[in-house]
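Undergrad: quick one, what's the 3D model for this:
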Amino acid sequence: MKADRNRQPPKFYTIEQIAECVEVSTRTVRRWIEKGLLVAHRVGGLIRISEADFQGFLATHRDN
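TA: The predicted model follows:
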């Protein structure tokens, strides 16, 4: 139980934050979501991307 108290809640990003981070347009991020390349969650009617999903996307789609 003690470990649960130290656990941080997951961090979520907006589409705008993701776009800024990877230097693309918000429309590009929306296309990634529509194509299923980037997992997004609806939270209270807002679209959010979890840090874990974003890191997974980056790992999968980075240039080699």
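Undergrad: do you know the pLDDT at the spatially most central residue of the chain?
TA: Most central in the chain under CA atoms, centre = their mean is Ile49, positioned 3.0 Å from the mean C-alpha point. pLDDT for Ile49: 97.
Undergrad: following element in sequence after the helix or strand where it lies, please.
TA: In the assignment (DSSP states H and E), Ile49 maps to strand 46-50. Using DSSP H and E, the helix or strand that follows strand 46-50 towards the C-terminus is helix 51-61.
Undergrad: and that following helix, what does it pack onto?
TA: Counting by 3 or more CB pairs under 8 Å, 6 or more residues apart in numbering; DSSP states H and E, the packing neighbours recorded for helix 51-61 are strand 12-13. (C-beta placed from N, C-alpha, C; glycine too.)
Undergrad: quick one: strands adjacent to the strand it packs on?
TA: strand 46-50 (antiparallel) (DSSP bridges).
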